[in-house]
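J.: take this sequence and fold it.
(2 chains)
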Amino acid sequence: MTEQEVHLGIKRALSKIAPEADLDSVDAQAPFREELALDSYDFLQLLLDLHQEFSVEIPESDYGKLRTLEGLRGYLLTKTTGRVAQK
Amino acid sequence: MGEFRMPSLGADMEAAILRTWRVNPGQKVHCGDILAEVETDKGLIEIEVFEDGTVDRILAAPGNKLPVGTVLATIAAGEPGPAGPLPAGPLPAGPTPAVSPAPGEGRFRVSPLARKRAAEAGVDLSRVTGTGPGGTIQVADVERAAAQGAGTVPSAKEEALSMALRHRRAIAAAMARSNREIPHYYLQTRIDMSRAFAWLKEINAQRPMEERLLSAVLLTKAVALALKQVPELNGFWLEERLVQKQAVHVGFAIALREGALIAPALHDVDSKSLDQLRAALSDLIARARAGRLRSSELSDATVTVTNLGDLGVETLFGVIYPPQVALVGFGKIREQPWSENGMLGVRPVLVATLAADHRATDGLRGAQFLGALERYLNAPETL
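T.: Numbers count the residues shown, from 1 in each chain, chains lettered A, B, ... in the order given. Here you go, the predicted model:
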């Protein structure tokens, strides 16, 4: 998948959880959970949506890599390398 | 013959607007079935029935604002007749049609011209007073309402704004009453979460993503079990005395994305397994955010749990939701220095607080509760 496809997939998943948020204004290097006021339930829901969107398994031990949008993007890019987008 | 009434969904509620019927006369219902939806300051709420029987007569029409206690329908005990849920004979003559009529339909006497004019002017007929024969709404009544703007249907945006404002005012009323009437006392303890975390990590590593347990599930169950040991904190302060409750229904504070807060009840937490609790919590949060809570969930929480740890708060000092007598607060679980048996180490530490009503209990009982809570979280396999 390309960086753009991953970016759009994250945007789709995040806007389902926090429809009122302006994702373009979120600092890619800042912890987005605090910025978007996502609680642990929202975060788990987001990961479930990403799991569906990208067909990737995200073990709990990797949660630490997913604190920022940049981290999330990099993580999903690595996991989906060589794969062709379905959507 | 049972009566299905407009329930009270909190000490501050006086009336609600009936929005939709989900049943017809003659339909068989069971305890726990949802019969109707009402609009309250806390959003759209599904109203359950608490008996088995058959819907006999429907006595209230959607669109009307009705005080708490109003009989909405009557429920006949037992099975419907041999003809089944929809008897072949004429249905009981209720004054209103069943199951979501179109707005305005069948509820008022309206002249056809007035109905047409109301549609053109965007006037809600439920807010217009008829001055014609038998209270019939006539064109002149519609024109008057349109001119005053009183009956004008609000836009979706205005409606949402007014709902948010009403919800805020409901919270304001409950919290002001709490601070006015309840002499709070506060206790705080630090709990080493390393055993609970290790246990969760091991369990979750074997589970698919959708079945992973959040620490909130563990904390909620531990609160319920600790309350069984200190039952004086589980109940209501009513008529100058403590009324303890057997069942532990935990009001779980949920922040709604539009800025409001609601604490619907998770029922019988003490007797649910962690997996049942995970499913119940996930369902409750999703429905709270979608505005689809049930009447019992808004009225029967026996204690409240608030967790602000996800947002980085370390210690939370709660305001009790009357007539409850306690609120348990959890902050963020942080790695902190921890000394034990003369050794210093780093542990994930949770700050748990109790806000309790001093009319109902003293600090001793509060301390016993926090002690029991700590013991349960130190032995997660017992939860």
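
J.: test my guess that B:L227 contacts B:N234.
T.: Yes - using Cβ atoms under 8 Å, B:L227 is in contact with B:N234, at 4.3 Å. For the C-beta atoms, the positions are set from N, CA and C on the backbone; glycine is no exception.

J.: overlap of the contact sets of the two?
T.: Common neighbours of B:L227 and B:N234, counting by Cβ atoms under 8 Å, 6 or more residues apart in numbering or on different chains, are B:248, B:303.

J.: who's in contact with the residue in chain B that chain A sits nearest to?
T.: Per Cβ to the nearest Cβ, B:D310 is where chain B lies closest to chain A, at 4.1 Å. With contact set as Cβ under 8 Å, 6+ apart, B:D310 has these partners: A:33, A:38-40, A:43, B:332.

J.: tell me which of those residues fall in helices.
T.: A:33, A:40, A:43 (DSSP state H).

J.: quick one: the last one from chain B, how far?
T.: What it means is A:F43. 8 Å (Cβ to the nearest Cβ, to the nearest Å).

J.: count of neighbours near the closest residue to that residue other than its chain neighbours?
T.: Nearest non-adjacent residue to A:F43, counting by Cβ to Cβ, 6 or more residues apart in numbering or on different chains: A:R33, 5.9 Å away. Using other Cβ atoms under 10 Å in any protein chain shown, A:R33 is surrounded by 19 other residues.

J.: what's the answer for B:A76, then?
T.: Neighbours around B:A76, by other Cβ under 10 Å: 18.

J.: for it, phi and psi?
T.: Dihedral pair for B:A76: phi -80, psi 140, per degrees, to the nearest 10.

J.: what pairs with it across the strands?
T.: B:T54 (DSSP bridges).

J.: surely it is in contact with B:E51?
T.: No - the criterion here is Cβ under 8 Å, and B:A76 misses it with B:E51 at 10.2 Å.

J.: any residues in contact with both of these two?
T.: Counting by Cβ under 8 Å, 6+ apart, the residues touching both B:A76 and B:E51 are B:G2.

J.: so where's chain A uncertain?
T.: Applying pLDDT under 70 to chain A picks out residues A:82-87.

J.: strands of that one, start to end?
T.: For chain A, no strands are identified by DSSP state E.

J.: could you measure the residue at minimal distance from the centre of it against A:E70, distance?
T.: Centre of chain A computed as the mean C-alpha position; nearest residue by Cα atoms, centre = their mean is A:I10, 4.3 Å away. In this view, A:I10 and A:E70 are 11 Å apart by Cβ to Cβ, to the nearest Å.

J.: what does A:E53 give?
T.: 18 Å.

J.: helices or strands up against the helix or strand in which B:W237 is found?
T.: Using DSSP states H and E, the element containing B:W237 is strand B:235-238. Secondary-structure packing of strand B:235-238 (3 or more Cβ pairs under 8 Å, 6 or more residues apart in numbering or on different chains; DSSP states H and E): strand B:241-244.

J.: compare the contacts of B:D310 and tell me which has the most neighbours.
T.: Neighbour-wise, these (other Cβ under 10 Å) top out at A:L38, 22 neighbours.

J.: and the closest residue to chain B within chain A, what is it in contact with?
T.: Residue of chain A nearest chain B, by Cβ to the nearest Cβ: A:D39 (4.1 Å). By Cβ under 8 Å, 6+ apart, the contact list for A:D39 reads B:255, B:307, B:310-311.

J.: make it 7 Å
T.: Applying Cβ atoms under 7 Å, 6 or more residues apart in numbering or on different chains to A:D39 gives the contacts B:D310.

J.: can you map out the helices along the chain?
T.: This is for chain A. Secondary structure of chain A (DSSP H): helices at A:3-17, A:32-35, A:40-54, A:69-79.

J.: could you do chain B instead?
T.: In chain B, the helices defined using DSSP H lie at B:112-121, B:139-148, B:156-181, B:194-205, B:215-229, B:274-290, B:295-299, B:363-378.

J.: between the ones you listed, which gets the lowest average pLDDT?
T.: Note on the helices of chain B: lowest mean pLDDT is at helix B:112-121, with a mean of 72.

J.: what's the angle from it to helix B:139-148?
T.: 20 degrees (axes from the mean of the first three to the mean of the last three Cα atoms, to 10 degrees).

J.: CA atoms of helix B:112-121 as PDB?
T.: The C-alpha trace of helix B:112-121 is given here as PDB (Å, rounded to 0.1, in the frame of the first residue of the first chain):
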ATOM      1  CA  PRO B 112     -57.100  19.800   5.500                       C
ATOM      2  CA  LEU B 113     -56.300  23.400   4.500                       C
ATOM      3  CA  ALA B 114     -54.600  24.100   7.900                       C
ATOM      4  CA  ARG B 115     -52.500  20.900   7.500                       C
ATOM      5  CA  LYS B 116     -51.400  22.100   4.000                       C
ATOM      6  CA  ARG B 117     -50.600  25.600   5.300                       C
ATOM      7  CA  ALA B 118     -48.700  24.100   8.300                       C
ATOM      8  CA  ALA B 119     -46.600  22.000   5.900                       C
ATOM      9  CA  GLU B 120     -45.800  25.100   3.700                       C
ATOM     10  CA  ALA B 121     -44.900  27.300   6.700                       C
END
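
J.: now for the closest residue to B:F4 other than its chain neighbours: which residues touch it?
T.: Spatial nearest neighbour of B:F4, chain neighbours left out: B:A73 (4.3 Å); criterion: Cβ to Cβ, 6+ apart. Residues near B:A73 by Cβ under 7 Å, 6+ apart: B:4, B:35, B:55, B:57-59.
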